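In: can't give you the sequence, but here's the structure:
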């Protein structure tokens, strides 16, 4: 085992330098299933020579007893101490976990219909999701990647979370009082919308110490406008970086850029947003996308961009009215006027994260085994004309292992980076990395390594991206599970692993399977949220507040049926309509007790939705088959739940 | 605390008899949220006076150390020892759990589209789900209740599982080699299809020692035929009990019955199927459905029914060609010719379960605090003319507590019944109950009680409904979670609780939250299954077996695009179509390695699906917007996953 901080590729002993892996090495990985043929990273420090557990051991020897961070096996009835907000991946929804137990407490539907709730079936949810002229949903698939929540004074304030849909370039807002989606916006002229991050305060107005913008990075470059012209004109291919208003959810402005944006991070002072970029080459195939040795981390000067928009220095594309400013590298070379700055980072970086002390952004190398540490004060110096070359803002670029992707923080000066190819977490000290980079080869920046299972993507730690990072729990989202769970056919679960990071050594404490594939997530103390358990009737304009208001009204062939639910009965318990009618059912749940939700289904009419306590929802459908149809409660509510039903009589 | 086996209702001390609760008592429960105002059942035996834990204690004092049944907190990487197959409730899918960890390993889409897999989006899955003439899905909601698996020699044989959809009267089959749904059948002339159970062997041919039929009970009675006639003629309202062929999935026959069927159970000798029935009154409102003091457990004589069908003694309804035999009570009074027998059981029973020794069916009372034990040999005696009154097959009817719903078994002669209103599990001894019922008041049949949280519905134990019941683990599906998890807004998770039943006392070991609302489930040893992890190319008629076959073929405005995936690239990496084309994409995943799944999404075209190793799937859609659309891999596959994309160019 090598005792210095250079890494060796055991499978290819002749290749002494792994700094930039070449295409051939990756093609080999593909054929071997990503991990076979490549041993775990053997980079170790003299000070910590035996940190990595044997990579081949399928069952880690972590003890099941309580860790220093606290109990992770909760007793029945014991509550978790942290919330986790999670992206659902291509399930297209938003997940809520309890930690440290790792239990999934909730899934909030947003981009994709949900048969349990009736999301995408009720008129109210269809209005949020968006419909085509014929009334059907515009989209029923999604690919969520990142979720982040609103800030105040550098910590979460419990108002909102946001989540993206990469397939259809949508951003959804989740209200954290009721855990529901209330708005969805589609970004114009954008494909491959990937990273999002809210700002943490306003760059100009110190009174605005909370989130008012959400920044959105887009990967795929297309001809702009993308209307069938210029499909083979590489010069016309560009991507856009977008700013969405946190309250109105309208797109405020966009920035035209070189390269493909990936993730997004924001500074604690509100002045900068950043996005790591791959494919600054503008390639159309993967070989072309990785031909250059370095790509970029791009920094957006928010105040200058908004001034440019005010000054009318923008264009628009196609039908969109959103102002687009020019952030391409060529037109932003002069720091005195630059809206954006391009900091050079190694080959196809993936992941950019802001350290909780507010000083650094860290870009993980993906195809380079390095992390690049960029000092924010120096980037601001460049914009202020005090730094000749923006790349002088790089204060460290150190080797970590193969396939670094994302980085979390413990608030004690350490970073935790996922190593996709090595199937490891590496814990490293930022100050020591800076010292090492500046020439002090005695600085031991790698603190610990932990095998994870397998191919980790996102990671995050409790309160990691806030001023209150507490270094207790780390979660690792592993893309492959292979042999970690009982076999269930070709489609494998992914593995979410929980790591106790409260001590010097990372300690793996639990594996959780999850439907593919959750991406980014945040973890924060439960005290930061105070959700409501029961709605108020007044929140719903259509509420049927009294059973006396229930009943049928007809306007031509349009029939409105107002129904109330109060366990164990609906009111009315039968109603009659005619073949060919368009029926709108408005249902109010008059039960007031926490957890007393009712469902409402009609056989053979594709109707099912729920109403939580004091909630109102409506559905509209055609009746074209005469007969008796028993509508019934689908959500267990009472000892007479099975008997809670009524007759829809459709006359011929 | 009373020391005998009668129960008292503390909140209503004047009501000394809880045998049959009246409507007023239940209405009171409804207003108080089901559990408030009613204390936990205080029925205890002298021999076990303190079995029940205090009902008010929100946090059970179960120790977190390993129970006698084995470890339930698995180390990271440690595999579960049991599979659990679970109904998803109105999520409309099929869940796979690992036990004793309680982790959800998989969800198999069947009745409802699934954005992750592309279920309901690919042409292959749409063909299974069923479409309307315009090509859209017939149904996109479902309400699954019960799942059971195929048997051989009284134990699971790992071929199939079945699951029902109550809303649209559908039954789906799940292949347990690949954990996929391969067939869905809609039952004709049925509403409120609730319980299902496979037979365990053939009633006539001893060589058929495995499942060949699946029985389906239906709740809602409608006019037959249900075409708008007779909507107010109560005499015309009837329900049907259906038999589906396990291989062809066609409906073999149906039985016209009185009352509303609920759950289904089958005998180990293959001769009888049973269904508990409520609403033998034929009421349309819940008061009418519970006016009689007793309802029925109905027994179907399979051999006689199939002989009657052979003999042409059937009718049909509407467009359906399925033979329907007459099983109504009035026409089946003579045991010599009866196809069915009606055993009387108390008020609105819920749940019927076959004991693993093959001797008894147990019907839980729901609105009666009792369980009724019916001896199968005596029911057969009745059909054979050896028993004057079929009710003489009742060998016990004993009080258990408030709201008994479902029963599991440990293979040691004990039954475990959920008490919905008492929020308890009660463990009771069947032989002792029979003795008590026969007059031996010293027989102590209640063995133990355990508070659960809250309002339990279904329960099952490891291998419970097989000859190999092993009495290790019990799961309890609780309908309300209330304060058991961190608050996540008005819609609460439900609680699945794991109980160690290996000792004399039940021991609650873990709480798991779950999306509402899982219903029935089975738990069996992992050795009984051996799923496949990789498909074979030959299983897919459309497979693109070589990248050389990939490419575009055109037939008028119908375009077929054959694509292969091999990480990190699709082949072809771009293709061109014209505005107005109908495009069919056929994608084969040529990667062979376990867990190397690819996704395929096209922005703004509502396309996303996955292909597992060696799988082929296809989608068909219209292109009507000229431009460049980057199709991309949505399922993390490789270090160059982000770069795995290509261009669909739509010409104007």
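Out: Now that the structure is in, tell me what you want to look at. Predicted model only: the values in this text are computed from it and were never measured.

In: nearest to the middle of chain A, which residue? Look it up for me.
Out: For chain A, the residue sitting closest to the mean C-alpha position, by Cα atoms, centre = their mean, is residue A:146 at 1.5 Å.

In: what's that one in contact with, if anything?
Out: Contact partners of residue A:146, counting by Cβ atoms under 8 Å, 6 or more residues apart in numbering or on different chains, are A:87, A:163, A:164, A:194, A:195, A:196, A:197, A:263, A:264, A:519, A:520. For glycine as for every other residue, the C-beta is placed from the backbone atoms N, C-alpha and C.

In: would you confirm that residue A:516 contacts residue B:635?
Out: Yes: under the criterion of Cβ atoms under 8 Å, residue A:516 makes contact with residue B:635 at 6.0 Å.

In: so what sits against both of these two?
Out: With contacts defined as Cβ under 8 Å, 6+ apart, the residues shared by residue A:516 and residue B:635 are A:90, B:597, B:610.

In: I'd like to know how far the spatially closest residue to residue A:340 that is not a sequence neighbour sits from residue B:394.
Out: Leaving aside its chain neighbours, residue A:340 sits nearest to residue A:327 (4.1 Å; criterion: Cβ to Cβ, 6 or more residues apart in numbering or on different chains). When distances are taken as Cβ to Cβ, to the nearest Å, residue A:327 and residue B:394 turn out to be 81 Å apart.

In: quick one, which of those two is more surrounded?
Out: residue A:327 (25 against 20; other Cβ atoms under 10 Å in any protein chain shown).

In: contact partners for the residue of the stretch 151-300 of chain A found nearest chain B?
Out: Distances from the stretch 151-300 of chain A to chain B, computed as Cβ to the nearest Cβ, single out residue A:228 as the nearest residue at 2.9 Å. Going by Cβ under 8 Å, 6+ apart, residue A:228 touches B:579, B:626, B:627, B:650, B:651, B:652.

In: one more: residue A:461?
Out: For residue A:461, the contacting residues are A:408, A:409, A:410, A:416, A:469, A:471, A:472, A:473, A:474, A:475, A:501, A:523, by Cβ under 8 Å, 6+ apart.

In: check what pLDDT the third one gets.
Out: Residue-level confidence at residue A:410 comes out at 98, pLDDT.

In: just the buried residues from the contacts of residue A:461, in PyMOL please.
Out: PyMOL command restricting the contacts of residue A:461 to the buried ones, with burial defined by 16 or more other Cβ atoms under 10 Å in any protein chain shown:
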select buried, chain A and resi 408+409+410+416+469+471+472+473+474+475+501+523
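
In: of the contacts of residue A:461, which is the nearest to residue B:506?
Out: Within the contacts of residue A:461, proximity to residue B:506 (Cβ to Cβ) peaks at residue A:473, which comes in at 32.0 Å.

In: show me where the stretch 401-550 of chain A has helices.
Out: A:430-437 (DSSP state H, counting those that start in this stretch).

In: got the residues of it near chain B?
Out: A:403, A:420-421, A:453, A:455, A:457, A:479-482, A:484-493, A:497, A:508-513, A:515-517, A:526, A:529-535 (Cβ under 8 Å from any Cβ of the partner chain).

In: touching, residue A:83 and residue A:526? I think so.
Out: Yes: the criterion here is Cβ under 8 Å, and residue A:83 meets it with residue A:526 at 5.7 Å.

In: show me the common contact partners of those two, please.
Out: Common neighbours of residue A:83 and residue A:526, counting by Cβ under 8 Å, 6+ apart, are residue B:486.

In: output the contacts of residue A:146 in TSV; the columns should cover secondary structure, neighbour count and distance to residue A:617.
Out: As requested, the contacts of residue A:146 are exported to TSV (DSSP: H, G, I helix; E, B strand; the rest coil; neighbours: other Cβ atoms under 10 Å in any protein chain shown; distance: Cβ to Cβ, whole Å):
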residue	secondary structure	neighbour count	distance to residue A:617
A:87	strand	28	26
A:163	strand	31	22
A:164	strand	31	26
A:194	strand	24	33
A:195	strand	27	33
A:196	strand	23	29
A:197	strand	27	33
A:263	strand	28	36
A:264	strand	25	35
A:519	coil	25	30
A:520	coil	26	31
